[in-house]
Every structure is written in structure tokens, then in C-alpha cells.
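**Student:** need a structure here:
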Amino acid sequence: MLSIIQDSELFIESLDKRHDLSFFSCSSSELNDFLKNDALSDQNNMISRTSLCFWKGELVGFVALIADTIEARAVIDGLEHYEYRKYPGVKIARLAVDFRFERKGIGTYLLLAAIGKTLSICENIGCRYILVDSKKNSIGFYEKNGFKLVEKYKNREFIPMYLNMQPVIAEMSLENNE
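**Tutor:** Coordinates of the predicted model:
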């Protein structure tokens, strides 16, 4: 049985037409269908950007990101006197790991890659939150990584969750100044 795969053994690259996606299979037929039939088209139409994760040359996971917003009143860690109805954010539209590689650290690696991409966006435009509409069985994964539930919508099929990027950036600044 394969144990946790080290981050140093994984690499990410942007999806393009040369990638063979046919062998990827996760536990969700919807996510498999997205990757194989919609991801490249959505990317070409500037709807989403998909990054593929490889281990030893094999496709083991992917994450697709989109621009989004979150209602200001839906978050508990917003600004006290924020004048707009919504905060800007980046949404994890899809995140999946091939079923053969589940529970090997790849999902966490992909999540951290998405956070890293969001951090780079924060350097150029306003983007306070990273968002996800989580499946019920994935809530614990996101909570373990600092995401909070939008309580107002916790009974939906896909539960909105968010991570405030401001404390993440502040913590990184402290570490860089030490």
C-alpha cells in the first residue's frame, strides 16, 4: 500500500490539449466528466483554469479555479465597515484525486497550490477570500485546512466555505521578516 507521497515528488502544470486525461478516474463521475469533456473548453473560453498534478509522470489529481464573490454578511471575519455587498475571491470550482491515490496527501497539495495561486493573485488585484462549495463528505478536509462554513447555507447539497487570505498573507509577512 502506498503511503503519503512527498510534495517534492509532485508537480503541477496547466492543462493543455497535449495531456492524456483518459486514465484519470476519481470517485465522482461528475468530476471525471468535467476533466475529460469540459475543462479544456472552459479554459479556452476563459471560464476556469485547470491545473493538473503529476506523480512519476502519472496524472493523480487536478484543481480548477474561477473568479467569484462571497456575500459580505456571509462571513464572520470580514471588515467591520465594509461598504460593498460582496467580497472578491477565487473559487476552487473542482478538486479531485484519482481514486488510486486518495489519502496520500495529494488533495492537500492541490489545495495548497490553489492557495498559492490565490496569493499570487492577491499581489495584483483585490482578492480577500478563497472559496469552495464543498461536498458534505469533504467538509472536514477543508475545515482542517482553515476553511469556515457559511452557516446560512449549511443545509445545501454543496456547502459554501471560505478561507480569509488576509491572515494567511499577514502570517507569511511575519515569517519573511524573521
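**Student:** buried sites along the biggest helix by length in the chain?
**Tutor:** Scanning the chain for the longest helix, with DSSP state H as the assignment, gives helix 106-122. Of the residues in helix 106-122, 106-107, 109-111, 113-115, 117-119, 121-122 count as buried by neighbour count, 16 or more other CB atoms under 10 Å. For glycine as for every other residue, the C-beta is placed from the backbone atoms N, C-alpha and C.
**Student:** just give the nearest non-adjacent residue to residue 78, would you?
**Tutor:** residue 72 (5.5 Å; CB to CB, 6 or more residues apart in numbering).
**Student:** can you mark which positions in stretch 148-162 are buried?
**Tutor:** For stretch 148-162, by 16+ other CB under 10 Å, it's 148-150, 159-162.
**Student:** including secondary structure and pLDDT, could these go into a markdown table?
**Tutor:** Shown next, in a markdown table, are the buried residues of stretch 148-162 (DSSP: H, G, I helix; E, B strand; the rest coil; pLDDT from 0 to 100):
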| residue | secondary structure | pLDDT |
| --- | --- | --- |
| 148 | strand | 96 |
| 149 | strand | 95 |
| 150 | coil | 95 |
| 159 | strand | 95 |
| 160 | strand | 96 |
| 161 | strand | 97 |
| 162 | strand | 97 |
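**Student:** and the residues you listed, which is closest to residue 11?
**Tutor:** residue 161 (26.8 Å; CB to CB).
**Student:** does the closest one touch residue 145 like I think?
**Tutor:** No. Using CB atoms under 8 Å, residue 161 is not in contact with residue 145, being 9.8 Å away.
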